[in-house]
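S.K.: 3D model of this:
(chains A, B, C and D)
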Number of protein chains: 2
Amino acid sequence: MAPTANKKRSTKPRSASSPRVRRTPEEARLRILDAAEARLRDGGPEAIRLQDIAADVGISHPTILHHFESRDGLTRALGLRITERLVADLVDALSKEPATEASAESMIELVFATMNDSGTARLIAWRALSFESSREALPLLDTITTLLHDRRVAHARENGLVAPSREDSAFIARLASGAALGDALSGGIWTQGSKEARATDARFRRWFAHLLMEHLGEGDET
Amino acid sequence: MAPTANKKRSTKPRSASSPRVRRTPEEARLRILDAAEARLRDGGPEAIRLQDIAADVGISHPTILHHFESRDGLTRALGLRITERLVADLVDALSKEPATEASAESMIELVFATMNDSGTARLIAWRALSFESSREALPLLDTITTLLHDRRVAHARENGLVAPSREDSAFIARLASGAALGDALSGGIWTQGSKEARATDARFRRWFAHLLMEHLGEGDET
DNA sequence: CACGATATCTACAGTTCTGTCAATAGTCCC
DNA sequence: GGGACTATTGACAGAACTGTAGATATCGTG
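M.R.: Below is the predicted model:
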């Protein structure tokens, strides 16, 4: 088990005998995945244990095996869901955002917020660690890039500016998501998390947004 | 075990009976940590098993317990060593770097290279995941910040420019290390790792360096 | 209401892993 | 050479975890 991670185990003793509830497969899978994700979130990678998860949900562990075939199946499904939800969250948030020029700052805020939200960065990192070889490459960067690029092109056209290259947009997306991921992760390591740290965090994001906007204001270069 | 991670186990069967070798405690700890790190690197977080590691080193697993007290002790020591070495590597690399103005690009290269080097980012991510609560906060950012800031101040003085604020330097360090970490990690997830990807990677780093240099050329703002 | 499908349970099996203990064997020093 | 120190080991203990098998309950449907 992860050294200093939470060590809670088998929280709910499950009601005595067997008031057996029967859920739809989807509902069951959902609850199991939720519990597994919670375990992973604050217990570290080694906290994905069938019996613990089953106890959390209030079922017996063979039920998990029934729905996911094996522990591997569970972690695989979990990894898939995590990444898919990240993509959905980002796309959703970015789509809602008004396409004003100054929105770079709030876009940065959005990406960082999404990464920090309830340990998303930790989940993504776990996935990166656990599934290294299985390259089910995600269309995440492509999606965000397109979203951003279209907006920039439209903006350039409206204001009679020279349109940015697609690669430039791709790099912005890559830098933003990478920085958000890295910052959220390393936040736990080399900054001391509390007190005025939040204020500094906010200033950092604004600084980063300004940095990008400085860049956006100029022409492209090869 | 991590789903698609390498599944090699107990590679070396250890020579038959007992040509018992006796090492110094330091040497023994070193070899054990090396083996553990290798396991972690390409086996994922769940691959740190005493018996496997012992087999790799060519010793019996109680020896590991003798030197590290417990599995926890081992992972803790490993986490510590990983981060300490990262700091040392970065400081070392940055110190050697000539303090020319255009060195921003090579500094970026350095940070990215260090993070990508033999899975360092993976190791750091593992540490972030496993030790979330144990805030043995590292002086990494402070160290790098100081290194960078001193250089910038000196450069500004030589050229009669206005000196940058320390927070600006801190943010640059934070962005660079965060981006490097995030990029190295996510590199495995949402880009498809090979072919012309390397070329794009290189262009991305250069683009990022230019972005920073654009910023460096200007005055500070609050 | 009866029946088929299947989600769920209890009980168990088999494996594997960490940790303990007492014995063994290098290495250093007198 | 003899003795202390301790790194190393084999064997074992205890626990925990994943996975299996057969029984059981619940729900939809004819």
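S.K.: which stretches of chain A have low pLDDT?
M.R.: Where chain A drops to pLDDT under 70, the residues are A:1-18, A:98-103, A:132-138, A:188-195, A:217-222.
S.K.: Would you mind splitting it into its domains for me?
M.R.: In terms of domains, chain A is parsed into A:23-69, A:80-216 (source: automatic domain parsing).
S.K.: Could I get the contacting residues of residue A:129?
M.R.: Going by Cβ atoms under 8 Å, 6 or more residues apart in numbering or on different chains, residue A:129 touches A:45, B:2, B:44-45, B:122, B:125-126, B:129. C-betas here are computed from N, CA, C, even on glycine.
S.K.: Mind putting the residues you listed into a markdown table with distance to residue B:96 and secondary structure?
M.R.: Listed next are these as a markdown table, based on distance: Cβ to Cβ, whole Å; DSSP: H, G, I helix; E, B strand; the rest coil:
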| residue | distance to residue B:96 | secondary structure |
| --- | --- | --- |
| A:45 | 36 | helix |
| B:2 | 36 | coil |
| B:44 | 33 | coil |
| B:45 | 33 | helix |
| B:122 | 25 | helix |
| B:125 | 27 | helix |
| B:126 | 28 | helix |
| B:129 | 32 | helix |
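S.K.: so can I have CSV of these showing distance to residue A:162?
M.R.: Listed next are these as CSV, based on distance: Cβ to Cβ, whole Å:
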residue, distance to residue A:162
A:45, 47
B:2, 47
B:44, 46
B:45, 47
B:122, 40
B:125, 39
B:126, 44
B:129, 44
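S.K.: Pull out the buried residues from the residues you listed.
M.R.: For the contacts of residue A:129, a burial check counting by 16 or more other Cβ atoms under 10 Å in any protein chain shown picks out A:45, B:2, B:44-45, B:122, B:125-126, B:129.
S.K.: unless I'm mixing things up, residue A:140 is touching residue A:86, no?
M.R.: Yes: Residue A:140 lies in contact with residue A:86 (Cβ atoms under 8 Å); the separation is 7.0 Å.
S.K.: which ones are touching the most centrally placed residue in chain A?
M.R.: Centroid-nearest residue in chain A: residue A:120, 3.7 Å away (criterion: Cα atoms, centre = their mean). By Cβ under 8 Å, 6+ apart, the contact list for residue A:120 reads A:82, A:86, A:89, A:114, A:184.
S.K.: Now intersect those residues with the helices, please.
M.R.: Among the contacts of residue A:120, the residues falling in helices (DSSP state H) are A:82, A:86, A:89, A:114, A:184.
S.K.: between the contacts of residue A:129, which is nearest residue B:213?
M.R.: The shortest gap between residue B:213 and any of those belongs to residue B:125, at 28.6 Å (Cβ to Cβ).
S.K.: For residue A:91, which non-adjacent residue is spatially closest?
M.R.: What sits nearest to residue A:91 in space, not counting adjacent residues and going by Cβ to Cβ, 6 or more residues apart in numbering or on different chains, is residue A:143, at 5.8 Å.
S.K.: helices and strands around the host helix or strand of the one you found, which ones?
M.R.: Residue A:143 belongs to helix A:140-158 when assigned by DSSP states H and E. If you count contacts as 3 or more Cβ pairs under 8 Å, 6 or more residues apart in numbering or on different chains; DSSP states H and E, helix A:140-158 packs onto helix A:71-96, helix A:166-190, helix B:166-190.
S.K.: give me that answer again for 10 Å
M.R.: Other helices and strands packing on helix A:140-158, by 3 or more Cβ pairs under 10 Å, 6 or more residues apart in numbering or on different chains; DSSP states H and E, are helix A:71-96, helix A:103-116, helix A:166-190, helix A:197-216, helix B:166-190.
S.K.: Check which residues of that helix are buried.
M.R.: For helix A:140-158, burial by neighbour count (16+ other Cβ under 10 Å) applies to A:140-141, A:143-149, A:151-152, A:155.
S.K.: Also near DNA strand C: which of the residues you listed, exactly?
M.R.: For DNA strand C, no contacts are drawn from the buried residues of helix A:140-158 by Cβ under 7 Å from any atom of the strand.
S.K.: As a markdown table, those residues with distance to residue B:60 would be great.
M.R.: Compiled in a markdown table, those are given as follows (distance: Cβ to Cβ, whole Å):
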| residue | distance to residue B:60 |
| --- | --- |
| A:140 | 46 |
| A:141 | 47 |
| A:143 | 51 |
| A:144 | 51 |
| A:145 | 53 |
| A:146 | 56 |
| A:147 | 56 |
| A:148 | 56 |
| A:149 | 58 |
| A:151 | 62 |
| A:152 | 61 |
| A:155 | 66 |
